[in-house]
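Novice: quick one: sequence and predicted model below, then my questions.
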Amino acid sequence: MNRVMSPLWILIAALSVVGFFYFSNLLTRKWQNYSTKLFLKKVFWTAFGIRAGWVVISYFLYIYFTGIPFEFGVADAGFYNEIARYGSELLGQGKLNIIPPMVAYSGGLDLSDTGYPVYLSIVYLLTGKSILLARIIKALWSAWTVVLIFQLTKRNFGESTGRIAAILAMLMPNLIYYTGMHLKEVEMVFLTVAFIERADHLLRSNKFGFVNIAVPLLLAVLLFFFRTVLGAAALFALFTALLFSSARVIGWGKRIVIGIWVVVAVGYFLGGRIANEVEEVWADRHMNQQQSYEWRAQREGGNTLAGQLNKAIFLPLIFNIPIPTMVQVNGQENQMIIHGGNFVKEILVFFVLIGVFVLLREKIWKEHLLMITFILSYLLILAQSAFAQSERLHQPALPFILILAAFGVSQITNKQKKYFTWYMGLLIVMFVGWQWFKLAGRGMV
C-alpha cells in the first residue's frame with residue numbers, strides 16, 4: 001500500500017476513464033441525427049472547450065507542483081521554450097532566416113528538431129511569448145485534428161463510423177493531455193493526420209490538380225522537420241498505397257502520374273541531410289534500443305530488469321504499449337498523470353483487433369492500405385527503437401488506432417462481444433505484471 005499513487009493522479013485517471021466511456025456512449029447516440037455541418041460544429045467546439053479547459057487547469061497544476069508552468073522533470077519542453085524565445089527575438093529584429101543562429105545558440109540541432117522551434121518562435125512573436133496562449137493555439141490544432149479524423153474515416157468507412165471516430169478522438173485523454181505541454185506532439189499529430197487525410201483524398205478523388213498533389217507532398221516534407229522516421233513512414237505508406245491499393249481506389253494512370261510527382265519531390269526536397277538522418281536512424285536501431293535499456297537498468301534509481309526488454313517483447317504488444325503506470329514511482333509523475341488515458345487505449349485495442357479482423361475477412365484491406373501501412377510501418381520502427389515504451393512517441397499512431405477502433409465498434413457482432421470479457425481478463429494480468437516489473441526492478445517488492 002505504500003506504493004499507491006497520489007489521490008490526485010487516481011482522481012484524474014478516474015475522470016478520464018469514466019468521462020471517456022460515459023460521454024462516448026452518450027454523444028454517439030445523441031448526435032447521430034444531427035446534420036453533418038451541425039455535427040462538425042459540435043465536435044470541433046466541444047473538443048476545443050475540453051482542451052482549452054485542460055490547458056488552463058494543467059498550467060496552474062504544474063505551477064503548484066513544480067513552480068513553473070511545465071511538466072514534472074521538464075527537459076525537451078524547457079529547451080523548446082528557451083530556443084523559441086530566442087527565435088522570436090530574431091524575428092522581431094527582422095531576421096527571417098532564423099535556423100542557422102538557432103542551431104548555433106542551441107549547440108546543434110538535427111533537421112528533425114528544427115520544425116517545432118521555428119513554429120513556436122512565430123507563435124511567441126505573435127503572442128508576446130505567452131506560454132498560455134501558445135497552448136490555447138495547441139487546443140485549436142488538436143480540435144481541428146478531430147475534424148480531419150472525421151473526414152478521413154467518413155471517406156474510408158462511412159459517415160456513421162466517422163462520427164464515432166471523431167467523438168472518440170474528441171474525448172481521448174492522451175490527445176487532450178499534450179495540449180497542456182510545450183512539446184511538439186500536438187502539432188506533429190495534426191500534420192500526420194492532415195497528410196494521411198489529404199493523401200487519401202488525392203488517391204480517391206476524381207479531381208486531379210496541382211493543389212491536390214502539392215498539399216500532401218508539402219505536409220510530408222514538413223513531417224521530416226518534426227521527426228525523421230515519421231516522414232519516412234508517411235512517404236512509405238504513400239508509395240505502398242500507390243503500388244498496391246485496390247483498383248476501386250485508384251486507377252493505374254493516376255498511380256503513374258502521382259508516383260512521378262512523388263519521386264521528383266522526394267529527390268528535390270529530401271536528398272542529402274534528410275536521407276543521411278533516415279539512414280543513421282535505421283542503421284542504429286538495434287544498438288540504440290539495447291544501449292538505452294542497459295542504461296535504464298544500470299542508472300541510479302533505475303529498473304534493474306529493464307535490460308531484459310527488447311523488440312521480441314515489444315513487437316507482439318505494439319498496439320498495447322505503453323502499459324499504464326499505476327503505482328507510485330518517484331520521477332514518473334508524468335506517466336502517472338496520463339495512466340487513465342493509457343488504460344482507455346488498452347480497452348480500445350480490442351475493437352482495433354475486431355476492425356482488422358473484418359478488413360481481412362472481407363478482403364477489403366487493400367482499399368485502406370494508406371492508413372494501414374502508415375500505422376504498421378511507424379509502430380514497427382518504434383518497436384525497434386529505444387523509445388518503444390514512450391507514450392509520446394506513440395502519439396502519431398493514436399488517431400489511426402481510434403479510427404480502426406471506431407470501425408471495430410461499428411462491425412462487432414453479439415457473438416464477438418463475449419471475447420471482450422476474456423480480453424479484459426488478459427489486460428488485468430498484463431497490468432498487474434507490469435506494475436510488479438516496475439517495482440521489482442527497483443527492489444520495492
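Specialist: Done, it's in. Numbers count the residues shown, from 1 in each chain.

Novice: going by C-alpha atoms from here, please, whenever you check contacts or count neighbours.
Specialist: Noted.

Novice: right, and residue 120 touches residue 84 too?
Specialist: Yes - look at residue 120 against residue 84 with Cα atoms under 8 Å: they come within range, at 5.6 Å.

Novice: next, the contact list for the most centrally placed residue in the chain, please.
Specialist: Against the mean C-alpha coordinate of the chain, by Cα atoms, centre = their mean, the closest residue is residue 395 at 1.7 Å. Going by Cα atoms under 8 Å, 6 or more residues apart in numbering, residue 395 touches 174-175, 185, 189.

Novice: what about 7 Å?
Specialist: Contact analysis of residue 395 by Cα atoms under 7 Å, 6 or more residues apart in numbering lists 185, 189.

Novice: ok, it to residue 438 distance?
Specialist: Distance, residue 395 to residue 438, using Cα to Cα, to the nearest Å: 23 Å.

Novice: repeat that for residue 204.
Specialist: Per Cα to Cα, residue 204 is found 47 Å from residue 438.

Novice: when these two are compared, which one has more neighbours?
Specialist: residue 438 (22 against 17; other Cα atoms under 10 Å).

Novice: low-confidence ranges in the stretch 251-400 of the chain?
Specialist: Across the stretch 251-400 of the chain, residues meeting the criterion (pLDDT under 70) sit at 251-255, 257, 261-262, 264-317, 385-388.

Novice: mind doing that once more with 90?
Specialist: Residue ranges of the stretch 251-400 of the chain with pLDDT under 90: 251-339, 362-369, 376-394.

Novice: likewise for the stretch 1-150 of the chain?
Specialist: Where the stretch 1-150 of the chain drops to pLDDT under 90, the residues are 1-10, 32, 65-84, 86-115.

Novice: what segments of it are helices?
Specialist: Using DSSP state H, counting those that start in this stretch, the helices of the stretch 1-150 of the chain run over residues 7-30, 36-66, 76-92, 99-106, 115-127, 131-157.

Novice: looking at the ones you listed, which is nearest to residue 263?
Specialist: Among those, helix 115-127 comes nearest to residue 263, with 22.8 Å by Cα to Cα.

Novice: quick check: the nearest residue to residue 167 once chain neighbours are set aside vs residue 415, distance?
Specialist: Excluding the flanking residues, the one nearest residue 167 by Cα to Cα, 6 or more residues apart in numbering is residue 24, at 6.2 Å. Distance from residue 24 to residue 415, counting by Cα to Cα: 23 Å.

Novice: tell me which of the two has more neighbours.
Specialist: residue 24 (21 against 7).

Novice: contacting residues around residue 130?
Specialist: Contact analysis of residue 130 by Cα under 7 Å, 6+ apart lists residue 124.

Novice: could you do residue 5 as well?
Specialist: 326-328.

Novice: any idea how far it is from residue 28?
Specialist: Taking Cα to Cα, one finds residue 5 at 33 Å from residue 28.
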